[in-house]
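here is a sequence together with a model predicted from it:
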Amino acid sequence: MTNETDPGPGPDQQPRTPAGGAEKDPSSDGSLKVSAPEPAGDTEQTPGPAAGSNPFVGIPVSDYVRDGVAALLLFVSLTMPWDAGHKASDKLEVVLVTVVSLLSLALPYLARTGALPTTWTVHTTRLARLVANAPYVLLAAVYIVLDLVNRSVDNGWGGVGTALSLGLAGALLAAQPRQAELGPVEQDGAASRLWSLVLTVIAGVAVVGALIAFLLTFSLGVPVLLVLRFLVAGAVTVALVGWPVWGILRREEAWRLVLVGLGVALVALFVLNTSNLLVSFDSFALGQFGLLLVPAAAAAASSPALARTTASSSPVSTWVAVAVHTLDLVVVVALGTALSGVLTLADGGRGSILILSIVFGLLAAGAAFVARRSLARDAVAGRTLALGAAGVVAILGIVLLIVATNQPGAGFGTSLLLLAYGLPLLVVFALTVPAEVRTHFAENRPASPVGADTAPSAYVWQPPAPRPARPKPAKEPVAGPYGSGSYATGPDGYGPEAGEHEPDPVATPSRPTSAQVPAQAQPQPVQQVRYQPSQEPTQPVRQDPPTQQARPVEQYQPTQVLPAQGGSSSHPVQPVVPERSGYAARPGYAAQSVGDTAVLPPYQDPQPAGFSAAQALDPSTPLEVLAQIVQEAPHLRPQVAANPSTYPALLEWLGNLGDPAVDAALRSRR
């Protein structure tokens, strides 16, 4: 770190400018070019530490954490099973490569203190760490090939244990470049490409190994249902490894964080597996392989050289996407658990754990799927549902673990531990822990589904609204040749008089009845209402008392013979004079006499002209008038829905109509 001989300086290396401004030009002629000295405030610190200065200045905290995690994984792996019959500490070759990987962690610190040769550079440190950790990777590859060739765990050395999983992850963490050792992206892009290749190779080994393990089950002569069970296990492994890596290769930061979180969860589960109920090794002979390589893939994905290729400009959207993708993996693992239980039960297996795995697996998959859709559609509104679904999935998974623990001879795979702990915790972490996420959701609260004024009615007790008095009909309907008597069903109480025909139900638009309007919406008629002729069928209009005398109802003196609908009839019809007073006859039904036969013109509903949009939107409009508007002027219902003075019962009634315009007005009240 004290001398610069490599032409490509690292981030903590800057060309030294001798006193007097002479600076060596890196050109081929090696000539010196003299430049004016820059001000002291603009020059960067040289990597060589001055007398009494801290040699580790400039190393970020993440580099210290990376070194500590790598050392911890390498040490812990020595206490765990390397294969089906041996611990890592029982194998001399494993101990030797572990010691070499641990020593490689000290190289950058020795270089900064000047303990290494003066020709040592940052590039030398990065290359030396790669070389020092390559033996561990090669040894892990050799044992994977031996397990494939052996195809048995009865001889005591087949399989791939959790020690190989954790130790390989620690070696990859030790081999990757640190944040302080990376140069600019445009000048140091080779490091990013290298670790993208490393991640692709690890994921390829896991996915191809899972497929090979499934294909080898055909040579074992197992039943068809057991083969299908191995197929489900292989599909879950491919999804847990291949799906996140595919997203990382597409430069999606959310998938990179998902894979890192998945690796951290598996490492914690492997370390805490003190009861040995968890199957601590995979093998091609057992038809399962690949899931133990997830920590190694996560270690490669956490490399700073790879992380800068997937950087995102929106932390909030990134962490929400992390929760969405994790819920996708929950659906996959839960369905895999349920299908495995079904196939085992169909193959003759028995036990309560199988029944619970089917039921709880389907419940967990359903809860995660609903929460995933809600969170992807609206993060603010779906956050609570996603957190609740994560809790439900965790509870179901923990119950399955308890049942499996208390059942003699029962064991469970890694996927069940992920369903109980790893994946739900990752969802909760993504939606609650990052500072940007907490700030965003603190500033954006989910809005009420109807409106702020009606929201308390959903969770605050209120006395029920009194039932309205049922209006009594003015008189009994009188049968006539044109239909029954009164059709008055609304609060206005108007209908065809006796002797008039009923309006066509198809041609006349329907109006809300008094039974459909809330109790507070029943207005008391205070003014006289009459119908006026027009050209279009609409609703009645409220007007002041008429100043002109109403047109008298025509009476038909001679006996009339009118044809019946769909044929003819010759029975006599006596004219009926309505006895209602105070209302004019409806001009739309006024009969015209042509000779001795009465000819009725087509019915035409009157035109409303008493309510306006301004009146419907005016907060000072009386409540009974608003109720009358929604009944007699349906085209003004959106304005009544947007009126801030509209009372909750009427808003609820409007929301139940299913009118898109009314629903849009209700949403605008938020």
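Arrived safely, thanks for sending.

how about the secondary structure of Pro446?
coil (DSSP: H, G, I helix; E, B strand; the rest coil).

close enough to count as contact, it and Leu385?
No: the criterion here is CB atoms under 8 Å, and Pro446 misses it with Leu385 at 10.0 Å. Any C-beta I mention is one placed from the backbone N, CA and C, and that applies to glycine too.

quick check: neighbours shared by the two?
Residues touching both Pro446 and Leu385 (CB atoms under 8 Å, 6 or more residues apart in numbering): there are none.

which one of those two is surrounded by more residues?
A count of neighbours by other CB atoms under 10 Å puts Leu385 above the other of Pro446 and Leu385, at 17 against 14.

quick one: contacts for that one?
By CB under 8 Å, 6+ apart, the contact list for Leu385 reads 370-371, 374-375.

same deal with Arg178?
Per CB under 8 Å, 6+ apart, neighbours of Arg178: 59, 63, 66-67, 108, 304.

neighbour-wise, which one of those residues leads?
Neighbour-wise, the contacts of Arg178 (other CB under 10 Å) top out at Pro108, 26 neighbours.

quick one, grab the pLDDT at that one.
Pro108 carries a pLDDT score of 89 in this model.

ok, it - contacts?
The contact partners of Pro108, taken as CB under 8 Å, 6+ apart, are 59, 125, 178, 180-181.

how about 7 Å then?
125, 178 (CB atoms under 7 Å, 6 or more residues apart in numbering).

check which helix or strand it maps to.
helix 107-112 (DSSP states H and E).

next: Leu231.
With DSSP H and E as the criterion, the answer for Leu231 is helix 224-249.

following that helix, which helix or strand comes up?
Downstream of helix 224-249, the next assigned helix or strand under DSSP H and E is helix 253-271.

now what about the helix or strand just after that next one, what contacts it?
Moving toward the C-terminus from helix 253-271, the first helix or strand encountered (DSSP H and E) is strand 281-282. If you take CB under 7 Å, 6+ apart as the criterion, strand 281-282 is touched by 81, 83-84, 159-162, 288-289, 291-292.

at 6 Å what do you get?
81, 84, 159-161, 288-289, 292 (CB atoms under 6 Å, 6 or more residues apart in numbering).

name the nearest of the residues you listed relative to Ala404.
Among these, Gln288 lies closest to Ala404 (CB to CB), at 17.1 Å.

for that closest one, give me its contacts.
Contacts for Gln288 were tallied using CB under 6 Å, 6+ apart; they are 213, 233, 282.

let me see the confidence value for it.
Value for Gln288, per-residue pLDDT: 82.

for it, what are phi and psi?
phi -140, psi 130 (degrees, to the nearest 10).

please report how far it lies from Ala213.
6 Å (CB to CB, to the nearest Å).

go on, Leu72?
Plainly put, Leu72 is 30 Å away from Ala213 if you go by CB to CB.

what helices and strands are in contact with whichever helix in the chain runs longest?
Assignment by DSSP state H gives helix 315-346 as the longest helix of the chain. Packing contacts for helix 315-346, counted by 3 or more CB pairs under 6 Å, 6 or more residues apart in numbering; DSSP states H and E, involve helix 224-249, helix 253-271, helix 352-377, helix 379-406, helix 423-432, helix 435-443.
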